[in-house]
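Visitor: no sequence on this one, just coordinates:
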């Protein structure tokens, strides 16, 4: 069964507007004396997720809380295994921008465009 929300540690997070997941290998390439390329795989399947979304000020505070942590556990649906997976990640390249005139809304202190990367380490 697919995950209905993400989790940052035990905090349930809503799905974001746009995310891109990458799962890359860390490799070291070198040339042999015979001229062939030798590839040494140092680490496989390193998880990265680029996130872009829009949220209210209260959700921005939650994102900022996780930005301040050294690391946290992300729970996300893995289509390969058709199950939830957990990865220890850190938040990098965090930025936000308030949408014009959203500070005048009575139900929130603003609507914000937020983007960040989650990187496994």
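Guide: Yes, it's here. Everything numeric here is computed off the predicted structure, so don't read it as measured data.
Visitor: partner strands of the longest strand belonging to the chain, with direction?
Guide: For the chain, the strand with the greatest residue count under DSSP state E is strand 37-56. Strands adjacent to strand 37-56 in the sheet, as given by DSSP bridges, are strand 18-31 (antiparallel), strand 111-120 (antiparallel).
Visitor: what about the residue nearest to residue 60 when sequence neighbours are not counted, distance to residue 73?
Guide: Residue nearest to residue 60 in three dimensions, not counting chain neighbours: residue 112, with 4.9 Å by CB to CB, 6 or more residues apart in numbering. For every residue, glycine as well, the C-beta is placed using N, CA and C. Here the criterion is CB to CB, to the nearest Å. By it, residue 112 lies 25 Å from residue 73.
Visitor: before we move on, back to that, surely the residue nearest to residue 60 meets residue 97?
Guide: Yes. The criterion here is CB atoms under 8 Å, and residue 112 meets it with residue 97 at 6.5 Å.
Visitor: and the residue nearest to residue 60, how far is that from residue 5?
Guide: Distance from residue 112 to residue 5, by CB to CB: 19 Å.
Visitor: neighbour-wise, which of the two wins?
Guide: Using other CB atoms under 10 Å as the criterion, residue 112 and residue 5 rank with residue 112 on top: 20 against 12.
Visitor: what does stretch 57-77 rub up against?
Guide: Residues from elsewhere that reach stretch 57-77, judged by CB atoms under 8 Å, 6 or more residues apart in numbering: 2-3, 6-9, 11, 13-14, 21, 49, 55, 83-91, 94, 96, 108-112, 114, 116, 118, 121.
Visitor: list the buried residues in that stretch.
Guide: 57, 59-60, 63, 66, 72, 74-76 (16 or more other CB atoms under 10 Å).
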